[in-house]
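Novice: Sequence plus predicted model, see below.
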Amino acid sequence: MDRIIIQGGAELSGAIPIAGAKNACLTLMPATLLSDEPLTLTNAPRLSDIRTMTELLVSLGAEVSALNDGKVIAMSSHNADNHLAHYDIVRKMRASNLVLGPLLARHGRAEVSLPGGCAIGARPMDLHITALEALGAEIELRDGYLHAKAPTGLKGAVHELGFASVGATENMVMAATLAKGTTVLKNAAREPEIVDLVACLRAMGAQIAGEGTSTIEIQGVDRLHGATHPVVTDRIELGTYMLAPAITGGEVELLGGKMHLVESFAEKLHDAGIDVTETKAGLAVKRANGRVNAVNVVTEPFPGFPTDLQAQMMALMCTADGVSVLEERIFENRFMHAPELVRMGARIDVQGGHATVTGVDKLRGAPVMATDLRASVSLILAALAAEGETIVNRVYHLDRGYERVEDKLSACGAQIERVKSDG
Ligand code: UD1
């Protein structure tokens, strides 16, 4: 298993290119199942989660080719006639559940294993199931699989999600594109990845309005055609690398970064005393001398502060001047990075959904363990600022969501290397 070794203390300066969004790409790829014509995605990130989705689509009978060093994904579901998403693939990644809506819409049936993914809470599927049932699907859980069918096709309906789930919104929108009649989805998630999905579906001929608001209206069509679509910038990778100069000092430009993707996060950085400015090529982040201010954070659905940046923000707060409280409202078990940060000298008290962080002057390097995707990168951020050497173990979590992290950071002056090891 690979490890990442970091010698902390170097200020960062330079530029980091931001990739296409993992979470957008993972919902855009299953959209291929909705059409028998080719769907091509450009600006795709090169990540192990994308390879897992490729494996899943291929197992369903789709043709998927990675072109241009993986930045272009060309797909065709012309011959995709399998509807079983097997446990062996689905258990690796929760986003595998995003094939459920498209399979049901195109074939009228789907068997999808209950998902796995990051161990950050229960993450059930009830909202997906009730949404698809509202469209007329019959779904039962047997032997660890969701068995779904819509023998007479899906029919448009008015449905309100009990919570603005990103995945349930994506499954419902994809399924409704081929349903008969009009679907109105209320309390829909508003994340930029959903806006991106809708842009792609529209390019495929879907009739959708209201994306980016909490009511999305979909007028079903008979068929969708092929399209080429560029994947939106990864706002979580963007926010993560915005934190790098914030935590080490220095100035870094995030190429391709856009303020509207990270507005509430950038506001918190501003409150912490970090300068964020828009440039021609993206966003520039600068930290002047001195400690950052402690700020409180509450995670919320978009446009609120993203749960996927909570762990990284906690790393910054570990050396802030004062006490900050981070409240996690999206997932119930998402502070697994806290004990690892404590091993580096942080002072963190976790009580339920609240983590109280008392800033210390300096963190110290230590051997630490990555526990999930965003937790692992928070340890890397902390290590960049810590005195001495940090060894981050179990970095396969990191490779699920960050491409070439050590190259991107070392290009800005970080002392970071990957060590390949067996076992
Ligand atoms: C997506 C993102 C993930 C991000 C999350 C919240 C992808 C591939 N992943 O995950 O990185 O952290 O949004 O922004 O896009 N829930 C239920 N029942 C359901 C579905 C969800 O109770 O049927 C709960 C979950 O347990 C969780 C909350 O709703 O507590 C949010 O989940 P959801 O918005 O669905 O996240 P994902 O789509 O899984």
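Specialist: In hand now; what should we look at?
Novice: C-alpha from now on. contacts and neighbour counts both.
Specialist: Fine.
Novice: what's in contact with the helix or strand encompassing Asn171?
Specialist: Using DSSP states H and E, Asn171 maps to helix 166-177. Helix 166-177 is contacted by residues 27, 31, 34, 95, 98-102, 104-105, 127-128, 131-132, 135, 154-156, 182-183, 185, 188-191, 194, 197, 201, 206-208, 218-221 when judged by C-alpha atoms under 8 Å, 6 or more residues apart in numbering.
Novice: Near the ligand, which residues of this protein? Just list them.
Specialist: 23, 26, 95, 122-128, 165-168, 307-308, 330-331 (C-alpha under 6 Å from any ligand atom).
Novice: switch to 8 Å and redo it
Specialist: By the rule C-alpha under 8 Å from any ligand atom, the part of the chain lying against the ligand is 22-24, 26-27, 94-95, 121-129, 163-168, 189, 191, 193, 300-302, 306-308, 329-332.
Novice: among those, which ones are buried?
Specialist: 22-24, 26-27, 94-95, 127-129, 164-168, 189, 191, 193, 301-302, 306-308, 330 (16 or more other C-alpha atoms under 10 Å).
Novice: Restricted to helices, list those residues.
Specialist: When these are checked against helices (DSSP state H), the matches are 22-24, 26-27, 127-129, 166-168, 193.
Novice: what would those look like in a markdown table with pLDDT?
Specialist: Formatted as a markdown table, these follow (pLDDT from 0 to 100):
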| residue | pLDDT |
| --- | --- |
| Lys22 | 98 |
| Asn23 | 98 |
| Ala24 | 98 |
| Leu26 | 98 |
| Thr27 | 98 |
| Leu127 | 95 |
| His128 | 95 |
| Ile129 | 94 |
| Val166 | 98 |
| Gly167 | 97 |
| Ala168 | 97 |
| Glu193 | 98 |
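Novice: Among those residues, give me the pair with the biggest separation.
Specialist: Using C-alpha to C-alpha, those span at most 23.8 Å, a distance reached by Lys22 and Ile129.
Novice: List the first helix or strand encountered after the worst-scoring helix or strand of the chain on mean pLDDT toward the C-terminus.
Specialist: Counting by mean pLDDT, DSSP states H and E, the weakest-scoring helix or strand in the chain turns out to be helix 396-399, with a mean of 88. Sequence-wise, the next helix or strand downstream of helix 396-399 (DSSP H and E) is helix 405-410.
Novice: Just the C-alphas of that following helix, formatted as CSV.
Specialist: What follows is helix 405-410, C-alpha atoms only, in CSV (Å, rounded to 0.1, in the frame of the first residue of the first chain):
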residue,chain,number,x,y,z
VAL,A,405,-1.8,15.3,-5.4
GLU,A,406,2.0,15.0,-4.7
ASP,A,407,2.8,16.5,-8.1
LYS,A,408,0.4,19.4,-7.8
LEU,A,409,1.7,20.3,-4.3
SER,A,410,5.4,19.7,-5.0
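Novice: which regions of the chain sit below the pLDDT cut-off?
Specialist: 116-123, 422-423 (pLDDT under 70).
Novice: which residue packs closest to Ala188, ignoring adjacent ones?
Specialist: Once flanking residues are discounted, Ala188 sits nearest to Ser214: 4.6 Å by C-alpha to C-alpha, 6 or more residues apart in numbering.
Novice: pretty sure the one you found contacts Glu191?
Specialist: No - if you go by C-alpha atoms under 8 Å, Ser214 and Glu191 don't touch, sitting 10.0 Å apart.
Novice: which parts of stretch 250-264 are buried?
Specialist: 250-259, 261-262, 264.
Novice: so what's the backbone phi/psi at the residue nearest to Ala188?
Specialist: Backbone geometry at Ser214, expressed as degrees, to the nearest 10, gives phi -90, psi 0.
Novice: That one: neighbouring residues, count only.
Specialist: 16 (other C-alpha atoms under 10 Å).
Novice: And it, how far from the ligand?
Specialist: 13 Å (C-alpha to the nearest ligand atom, to the nearest Å).
Novice: His78 too?
Specialist: 25 Å.
Novice: what residues are up against the residue nearest to Ala188?
Specialist: Neighbour list for Ser214: 185-190 [criterion: C-alpha under 8 Å, 6+ apart].
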